[in-house]
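K.L.:
Task: produce atomic coordinates for the following.
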Amino acid sequence: MGVTLTRAAWLPGVAVAAGAAAVALAVSALFPAVPLLTAAVVLGILVAQLPAAQSHLRGSLAPGLALSSRRFMRIGVVLLGFKLSLVDVASLGWGVFLSTVAIVLITFGGTWLLGRVFRLPGHEPLLLATGFAICGASAIGAMSGVVRAKSSEQAHPVALVTLCGTLAIVVLPALWHPLALDNLQFGHWVGASVHDVGQVVATAQIAGSSALAVALVVKLTRVVLLAPIVAVAAVVERRRFRPNPDAAKPPLVPLFVVGFLAAILLRTFLVIPEPVLSTIDGIQTALLAMALFGLGAAVNLRRLVTTGWRALAVGLLSWALIAVLALAAVHLFS
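P.N.:
All right, here's what the predicted structure looks like:
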């Protein structure tokens with residue numbers, strides 16, 4: 001009976017998250033420049049601002065939205081590994097690969113340091129660093145599960161990485177020709193600096209298929225770094241954790257990180273039929289869309305505007321940092 005009641009408690013929130021994912025898909029289909037996952041986050045943020053919805057989000061929908069934003073996020077991250085092949089990463093060449101790693105690490109460390117300088121509370125500096133350096137709101141969700149961040153600590157990072165990633169879809173193409181970048185250089189810049197995979201596709205596709213291919217390989221190379229960075233955070237959190245004698249420590253390496261790495265290895269060394277990959281991609285996209293709607297539904301824009309100016313400053317500075325570093329890498333290695 002307890003399990004039945006628990007499942008019943010999950011159902012309303014999960015159903016709403018699934019419906020929101022369907023709406024986000026429709027929006028993305030009608031407006032191809034709007035990435036599906038970005039639409040899902042924005043939809044969650046907008047719903048969270050409706051007075052009539054807030055009591056439901058905190059009440060009957062809360063268990064299902066929490067399940068979506070945590071467990072579905074982890075499953076989606078595991079399946080994301082099937083997009084990655086180490087062969088594709090190796091095709092970049094050592095110069096591009098090492099510069100991409102350097103950009104991620106410098107942006108991660110720089111954003112975390114900015115968060116500390118601006119006195120952001122709790123895990124906000126870490127979550128901002130993860131989102132801006134690696135892969136947007138998906139990375140924030142993955143890191144949040146490892147460090148056990150509160151919903152309030154995720155709200156500003158999710159809103160800001162969504163804002164800056166959406167702005168990138170407009171700003172980077174406007175700078176493409178003034179910066180005298182050719183198509184492949186533009187694709188490299190987009191892949192190295194834009195946060196979410198969908199935002200990368202929306203931004204790079206205007207320069208053609210070759211630019212999009214380069215952008216995706218560079219971007220997915222950044223995604224590969226999600227596993228080691230989250231694993232290191234898990235180790236640090238394990239050492240900081242001071243449980244009571246009956247409590248268990250956080251896992252040394254989260255299971256979803258192991259699954260993510262296993263998926264990458266399977267994609268690299270096995271020939272997986274295209275229909276299977278397409279099915280996995282569809283499931284992964286649906287799960288992440290539901291998870292990101294759940295994360296967006298925890299964002300309080302009024303709080304962000306009135307008390308989140310420090311987080312906004314950190315987000316904008318981090319966005320500028322990664323864009324400048326990526327542009328420097330383009331000129332050095334393209």
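K.L.:
residues of the longest helix seen in the chain that come out buried?
P.N.:
If you go by DSSP state H, the chain has its longest helix at helix 2-30. Residues of helix 2-30 classed as buried by neighbour count (16 or more other Cβ atoms under 10 Å): 9-10, 12-14, 16-18, 20-21, 24-25, 27-28. Bear in mind the C-beta positions are built from the backbone N, C-alpha and C, glycine included.
K.L.:
go on, stretch 125-134?
P.N.:
125-134.
K.L.:
Among the residues you listed, which lie within helices?
P.N.:
125-130.
K.L.:
For those residues, give me JSON lines that also has pLDDT.
P.N.:
JSON lines is the format used below for those (pLDDT from 0 to 100):
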{"residue": "P125", "pLDDT": "94"}
{"residue": "L126", "pLDDT": "94"}
{"residue": "L127", "pLDDT": "94"}
{"residue": "L128", "pLDDT": "95"}
{"residue": "A129", "pLDDT": "95"}
{"residue": "T130", "pLDDT": "94"}
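K.L.:
Now flag whichever of those residues is closest to Q205.
P.N.:
Closest to Q205 out of these is T130 (25.9 Å), distances taken as Cβ to Cβ.
K.L.:
does the closest one really touch S138, like I thought?
P.N.:
No. Applying Cβ atoms under 8 Å, one finds T130 not in contact with S138, separated by 9.7 Å.
K.L.:
any idea which of the ones in helices among the buried residues of stretch 125-134 is closest to L265?
P.N.:
Using Cβ to Cβ, these come closest to L265 at T130, 23.0 Å.
K.L.:
contacting residues around that closest one?
P.N.:
T130 sits next to 108, 139-140, 142-143, 157, 229-230 when contact means Cβ atoms under 8 Å, 6 or more residues apart in numbering.
K.L.:
now G76
P.N.:
G76 touches 138, 284-285, 287-288, 291, counting by Cβ under 8 Å, 6+ apart.
K.L.:
ok, of those residues, which one's closest to V197?
P.N.:
S138 (8.2 Å).
K.L.:
Helix, strand or coil: sort out that closest one for me.
P.N.:
Assigned by DSSP: H, G, I helix; E, B strand; the rest coil, the conformation of S138 is helix.
K.L.:
There's contact between A129 and L105 in this structure, I believe.
P.N.:
No. Using Cβ under 8 Å, A129 is not in contact with L105, being 10.2 Å away.
K.L.:
So which elements touch whichever strand or helix holds H188?
P.N.:
Assigned by DSSP states H and E, H188 belongs to helix 183-193. Other elements packing on helix 183-193 under the criterion 3 or more Cβ pairs under 8 Å, 6 or more residues apart in numbering; DSSP states H and E are helix 94-117, helix 151-176, helix 197-204, helix 209-224, helix 309-333.
K.L.:
so A298 touches I45, yeah?
P.N.:
No. If you go by Cβ under 8 Å, A298 and I45 don't touch, sitting 9.0 Å apart.
K.L.:
What residues does S152 make contact with?
P.N.:
Taking Cβ under 8 Å, 6+ apart, one finds A298 in contact with S152.
K.L.:
Going by secondary structure, V89 is in what exactly?
P.N.:
Applying DSSP H and E, one finds V89 within helix 86-90.
K.L.:
So which other helices or strands are in contact with that helix?
P.N.:
helix 209-224, helix 255-269.
K.L.:
Can you pull out the residues in contact with the longest one?
P.N.:
It refers to helix 209-224. 80, 83-84, 88-89, 91-92, 96-97, 100-101, 103-104, 133-135, 183-184, 186-188, 190-192, 194, 197, 200-201, 203-205, 264.
K.L.:
Now stretch 270-285 - C-alpha only, CSV.
P.N.:
C-alpha atoms of stretch 270-285 as CSV (Å, rounded to 0.1, in the frame of the first residue of the first chain):
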residue,chain,number,x,y,z
LEU,A,270,30.1,-1.4,-30.6
VAL,A,271,28.2,-0.9,-33.8
ILE,A,272,24.8,0.3,-32.6
PRO,A,273,22.1,0.3,-35.2
GLU,A,274,20.8,3.8,-36.1
PRO,A,275,17.2,3.0,-35.2
VAL,A,276,18.3,2.0,-31.7
LEU,A,277,20.3,5.2,-31.4
SER,A,278,17.3,7.2,-32.6
THR,A,279,15.1,5.6,-30.0
ILE,A,280,17.6,6.2,-27.2
ASP,A,281,17.9,9.8,-28.3
GLY,A,282,14.2,10.3,-28.2
ILE,A,283,13.9,8.8,-24.7
GLN,A,284,16.9,10.8,-23.5
THR,A,285,15.4,14.1,-24.9
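K.L.:
Now tell me what touches that stretch from outside.
P.N.:
Applying Cβ under 8 Å, 6+ apart, the set of residues contacting stretch 270-285 is 36-37, 76, 79-80, 82-83, 266.
K.L.:
Pretty sure L127 sits against P157.
P.N.:
Yes. Proximity of L127 to P157 meets the contact threshold set by Cβ under 8 Å, at 4.1 Å.
K.L.:
which neighbours do those two share?
P.N.:
I140.
K.L.:
Flag every buried residue along the helix or strand of the chain with the lowest mean pLDDT.
P.N.:
Lowest on mean pLDDT, DSSP states H and E among the helices and strands of the chain sits helix 301-307, with a mean of 74. For helix 301-307, the buried set under the neighbour-count rule, 16+ other Cβ under 10 Å, comprises L304.
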